[in-house]
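Colleague: turn this into a structure:
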Amino acid sequence: MSIEIWTWNTPNGRKISVALEEMGLPYTVHPVNISKGEQFDPAFLSFSPNNRIPAIKDHDGPDGQPIGVFESGAILLYLARKTGRFMPADPRGAVPVLEWLMWQMGGFGPMPGQVHHFLQVETEADRRYGLERYTKETRRLYGVADRRLAEVEFFAGALSIADFAILGWAWRHERHLVDLADFPHVKRWYETLMARPAVQRGMEIALS
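Modeller: Here you go, the predicted structure:
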C-alpha cells in the first residue's frame, strides 16, 4: 500500500518526494495549495496540527497499523527507520546524520526562507534591511556547508536523509541570491545528487 503525502512544490515538500524515490517507496501525492490556505482545512489539521506541509499517512505503519507523521524532519527519520536506509543503525554513525539534519531544520531553511520573504517586501527600507541581514546569514550557512563538503562526499560521510533535507533548500539557491560557483564543494555535492535518477524523479513529480 502506498504512502500518502500531503504537500506542495516547496523545499520542504521536495525533501520528502526525493526521499521516497530514493527509498523506493510507492506514494500518492495530495497537493495542498498553500497560496489558497488549504493548509488550514480541518481535515488536514487533524493530522498536521501545525498547518504546514508536508505530512504523510502510512497505512502500513508500525505493527501494521496506520500512522500519520508531520514535520519534514520527523518524516525523514520515520522513513529511514521504516526502510532501514540512509540512516546508520549504529549510534556513532547516526550522530552526523542527526547533526546535519538539525542544522538544516534550525538554520538552512529558516534563514534562506527569510530571504524569500524579504525579496517580496514592497517597502524599500524594510526590504533592504531584511535582505542584508538574512542574505549574510544564508551565505554564512553555505560557507559552513562548503567547508564540511571539502572533507566528505556527503554531509554525514555516506549518503543520508540529511542530504535529502539540505538538497530541498539548496535546490532554491538562485532564490537565495547564491551562485554555487562561490561554494565549489557545495556545487560538486549538488550536481552529484541532482544527477541521481531517483533524485530527478523526486524533483520532477508534480506536487502542485
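
Colleague: which elements pack onto the longest helix seen in the chain?
Modeller: Counting residues, the longest helix found in the chain (DSSP state H) is helix 124-149. Where contact means 3 or more CB pairs under 8 Å, 6 or more residues apart in numbering; DSSP states H and E, helix 124-149 is packed against helix 110-119, helix 184-194. The C-beta positions use only the backbone N, C-alpha and C, and glycine is treated the same way.

Colleague: next one: the first one to chain centre, how far?
Modeller: On the basis of CA atoms, centre = their mean, to the nearest Å, helix 110-119 sits 15 Å off its chain's mean C-alpha point.

Colleague: nearest spatial neighbour of residue 54, skipping sequence neighbours?
Modeller: Using CB to CB, 6 or more residues apart in numbering and skipping the chain neighbours, the partner closest in space to residue 54 is residue 7 (4.0 Å).

Colleague: can you count the residues close to the one you found?
Modeller: 27 (other CB atoms under 10 Å).

Colleague: my guess is it contacts residue 207. True?
Modeller: Yes: with contact defined as CB atoms under 8 Å, residue 7 counts as touching residue 207 (5.1 Å).

Colleague: residues that sit against both of these two, list them.
Modeller: 13, 17, 29, 31 (CB atoms under 8 Å, 6 or more residues apart in numbering).
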